[in-house]
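sequence-free structure coming up:
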């Protein structure tokens with residue numbers, strides 16, 4: 001049955017990846033998850049925030065720093081959830097496999113808050129800890 005499981009992650013934009021990581025890991029005690037790499041350079045990472053729930057941190061442009069970019073909701077049966085959202089009269093994008101090997105689909109709530117529907121696969125970086133490579 002199509003269902004929402006839990007919050008998958010919150011995405012924040014950072015002005016300083018190392019300072020942000022130190023705050024969440026050293027000060028708050030969160031555990032590092034995996035890095036986002038492009039051409040060998042880290043531009044973001046996941047921090048573990050409970051079982052299969054994360055904070056996703058990316059380098060932010062000056063106008064984005066400090067903003068919550070989106071929230072991701074972990075679902076079971078992505079196709080069923082997309083169908084239910086559409087039947088309720090809301091627009092949702094098609095399902096696609098992200099570079100982290102997780103299924104995703106995007107929509108907005110009535111307030112314009114971006115929501116990523118997120119379904120893990122057995123190869124998802126969130127479960128395997130493997131880096132998510134976006135090499136060009």
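Perfect, I can see it now. Being a predicted model, the structure only gives us computed values, none of them experimental.

and the strands in the protein?
Along the chain, the stretches classed as strands by DSSP state E are 3-14, 31-38, 41-48, 54-59, 68-76, 96-97, 103-108, 114-119, 132-133.

residues in contact with the second one?
Judged by Cβ atoms under 8 Å, 6 or more residues apart in numbering, the contacts made with strand 31-38 from elsewhere in the structure are 21, 25, 42-48, 54, 58, 125-126, 128-136. All C-beta spots, glycine's among them, are computed from the backbone N, C-alpha and C.

filter the residues you listed to the buried ones?
21, 44, 45, 46, 47, 48, 54, 58, 125, 126, 132 (16 or more other Cβ atoms under 10 Å).

ok, the closest residue to residue 92 other than its chain neighbours - how many residues close by?
Closest residue to residue 92 apart from its sequence neighbours, by Cβ to Cβ, 6 or more residues apart in numbering: residue 107 at 4.1 Å. Look at residue 107: counted by other Cβ atoms under 10 Å, it has 17 neighbours.

thought residue 107 was touching residue 91?
Yes. Assessed by Cβ atoms under 8 Å, residue 107 is found in contact with residue 91 at 6.4 Å.
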